[in-house]
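Q: Sequence unavailable; structure follows:
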Ligand SMILES: C[S@@+](CC[C@H](N)C(=O)[O-])C[C@H]1O[C@@H](n2cnc3c(N)ncnc32)[C@H](O)[C@@H]1O
């Protein structure tokens with residue numbers, strides 16, 4: 001929360017209209033076609049179209065530096081929930097049975113890739129055909145959430161199960177299967193599809209080859225490929241015919257995959273793999289292996305901020321390997337994290353010294369010991385302090401769930417047009433994408449993120465996992481990021497609207513806005529720190545300001561567009577009571593003062609210039625009625641007053 005003026009991207013009316021019209025037209029056309037049978041495609045021309053587009057996309061990505069001049073435009077609308085049952089519970093269907101603009105609930109399609117993949121910034125598409133032949137071909141598009149284990153999902157495998165397929169139109173009016181929720185597309189292993197083993201030996205050999213293949217990929221740093229190989233090996237090594245004769249093979253592969261998961265920051269999966277790899281044997285070799293597994297589990301728990309769990313893992317490791325220095329170092333760090341978590345006592349100097357552009361994430365725990373979440377009349381839920389807090393003290397500190405820094409390659413800002421409220425917004429879609437990715441590898445966190453406020457509540461079901469894996473409703477993620485995401489300020493160099501650093505905090509997200517806040521927020525890397533601006537009484541609601549624009553109308557407009565509410569804090573109540581002509585005059589004076597400070601340097605300001613500044617400050621002050629503004633700040637005068645405070649003492 002907290003967009004700034006500099007982060008505003010201006011869109012001409014014409015451009016906005018074009019985006020609106022294109023999306024509305026697509027929605028209209030698709031709903032007209034709803035339920036109609038699919039028109040079959042000519043396979044040859046479908047493949048050549050995809051091949052051409054794929055080549056073009058490759059060339060464009062080679063020519064551009066990654067960030068184009070124009071923002072990609074994405075449509076948000078026609079929200080629908082992800083499939084929440086396993087693939088076994090779905091009835092198979094064929095491409096020829098697809099109906100236009102329809103979610104084929106209760107059905108599944110098994111398809112295989114039939115063309116090169118067209119990889120674009122915010123989506124990818126490919127031609128697919130029924131896996132068991134038949135000749136029907138269809139376009140398959142994967143929207144924003146298209147990477148898995150760091151690779152484009154459509155390039156990841158050749159065989160896919162599409163759960164409850166959605167068949168609709170692209171914005172160019174072309175029929176397509178469209179996947180919005182990553183869990184609706186399951187990749188099937190190329191190496192295992194249709195594979196049978198003649199003997200236990202053959203199966204074991206296959207799993208062993210997968211394991212060494214995974215080790216090679218890991219050495220090369222190709223995490224997606226290593227993950228895939230280990231997963232294939234593990235699938236086979238866990239089958240009875242192998243596990244009964246060689247139970248260690250599955251353990252070895254799981255232990256190695258734990259490392260891949262750790263490197264991918266898929267901490268839950270890393271812990272699960274590390275646990276599955278434990279031998280519990282007493283010989284030295286087994287103890288060394290288990291020690292390794294505990295280390296991986298401990299590091300993953302630490303990555304999740306689960307410090308007590310991490311401590312247990314490292315203590316287990318030390319029982320097996322008493323001289324392990326890394327485990328001891330981690331245990332010392334855990335003591336510091338637990339102290340931060342319990343008392344809010346941070347060593348700010350050390351924390352600040354430990355971060356840089358290359359290492360922007362601070363090694364610190366969240367501190368939420370002074371606050372609790374409760375209902376806030378007219379504002380949904382809010383955050384309340386549980387004890388008296390003196391001015392200047394830390395109210396809470398929240399280590400962001402996720403941050404995409406402006407300099408990360410994941411940073412992606414897009415223009416979104418939301419059909420639900422007809423609004424165009426500039427959105428940190430790179431953050432939505434990264435949050436969804438993180439949840440897919442850390443399913444224990446899904447519930448916590450999904451608890452945050454968003455306009456769309458999904459289908460009301462709270463199913464976040466099936467046997468097929470985690471379920472992440474990306475429409476909800478989009479809404480949650482829109483309403484709860486925040487800018488982190490320009491901590492590591494130049495940023496603009498196209499590459500602002502943005503993040504999501506899961507505790508601070510419960511804090512409501514007030515234009516007369518009682519806390520101020522600051523960042524140390526990705527740790528959001530809130531301090532009391534004035535003494536807070538136990539039981540008081542905590543507020544900070546999402547938007548600090550001094551102009552009432554601009555502020556209200558921003559609060560409505562980005563957060564969907566009208567503020568009626570005491571300041572807004574006073575400003576609302578002003579005559580619109582007075583507000584207009586004040587806004588003009590604010591603009592004048594902004595121009596003034598832009599052009600007049602305070603260090604060498606002349607007496608006459610200072611006198612002009614005083615006049616401007618007085619003119620702004622005169623727009624306020626003393627009685628009406630007795631207890632609330634006069635925000636419009638802030639810019640010029642700050643200039644005067646710096647300029648006056650020297651003259
Ligand atoms: C970051 S969330 C704050 C927590 C939220 N109230 C909840 O229930 O989870 C932002 C949303 O809270 C609501 N909100 C925040 N400040 C508000 C205010 N001053 N008045 C009314 N609604 C507010 C809006 O719906 C906004 O989109």
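A: Received it, and whenever you're ready, just let me know what you need. All values derive from a computational prediction rather than experimental measurement. Residues are numbered from 1 along each chain as shown.
Q: Run through the stretch 551-651 of the chain and note the low-pLDDT ranges.
A: Scanning the stretch 551-651 of the chain for pLDDT under 70 picks out 648-651.
Q: Residues of it that sit close to the ligand?
A: Residues of the stretch 551-651 of the chain found near the ligand (Cβ under 6 Å from any ligand atom) are 563-565, 567. No exception for glycine: its C-beta is placed from N, CA and C like everyone else's.
Q: Sort out for me which of these are in helices.
A: Among those, no member falls in helices (criterion: DSSP state H).
Q: Give me the buried entries from the residues you listed.
A: By neighbour count, with 16 or more other Cβ atoms under 10 Å, these hold 563, 565, 567 as buried.
Q: nearest residue to the second one other than its sequence neighbours?
A: Going back to what we said before, that points to residue 565. Nearest residue to residue 565, sequence neighbours excluded (Cβ to Cβ, 6 or more residues apart in numbering): residue 559, at 6.1 Å.
Q: Kindly report the same for the last one.
A: By the measure of Cβ to Cβ, 6+ apart, the closest residue to residue 567 outside its immediate chain neighbours is residue 559, 5.3 Å from it.
Q: returning to what we had before: surely the residue nearest to residue 565 meets residue 549?
A: No. In this structure, residue 559 is not within contact of residue 549 by Cβ atoms under 8 Å, at 9.3 Å.
Q: what about the closest residue to residue 246 other than its chain neighbours, is that helix, strand or coil?
A: Setting aside the residues directly before and after it, residue 246 is nearest to residue 204 in space (Cβ to Cβ, 6+ apart), at 5.7 Å. Three-state call for residue 204 (DSSP: H, G, I helix; E, B strand; the rest coil): helix.
Q: Quick one, grab the pLDDT at residue 204.
A: Looking at residue 204, its pLDDT reads 95.
Q: so it touches residue 249, yeah?
A: Yes. Using Cβ under 8 Å, residue 204 is in contact with residue 249, at 6.6 Å.
Q: what touches both of the two?
A: Listed as contacting both residue 204 and residue 249 by Cβ atoms under 8 Å, 6 or more residues apart in numbering are 237, 242.
Q: residues near the residue nearest to residue 246, how many?
A: 20 (other Cβ atoms under 10 Å).
Q: Which residue, other than its chain neighbours, is closest to the residue in the stretch 301-450 of the chain that the ligand sits nearest to?
A: Minimum separation of the stretch 301-450 of the chain from the ligand (Cβ to the nearest ligand atom) falls at residue 380, amounting to 2.7 Å. Distances taken as Cβ to Cβ, 6+ apart place residue 453 nearest to residue 380, at 5.8 Å, with adjacent residues excluded.
Q: Doesn't the one you found lie inside a strand?
A: No. Secondary structure of residue 453 (three-state DSSP): coil, not part of a strand.
Q: Could you report the distance from it to the ligand?
A: From residue 453 over to the ligand the distance is 3 Å, taken as Cβ to the nearest ligand atom, to the nearest Å.
Q: Return the helix or strand in this structure with minimum mean pLDDT.
A: strand 73-76 (a mean of 75; mean pLDDT, DSSP states H and E).
Q: hmm, who's touching that one?
A: In contact with strand 73-76 (Cβ under 8 Å, 6+ apart) are residues 19, 23, 26, 122, 143-144, 171, 414-420, 427, 429, 475, 478.
Q: Who does the next helix or strand after that strand pair with, and is each partner parallel or antiparallel?
A: Sequence-wise, the next helix or strand downstream of strand 73-76 (DSSP states H and E) is strand 91-93. According to DSSP bridges, strand 91-93 forms sheet pairs with strand 107-113 (parallel).
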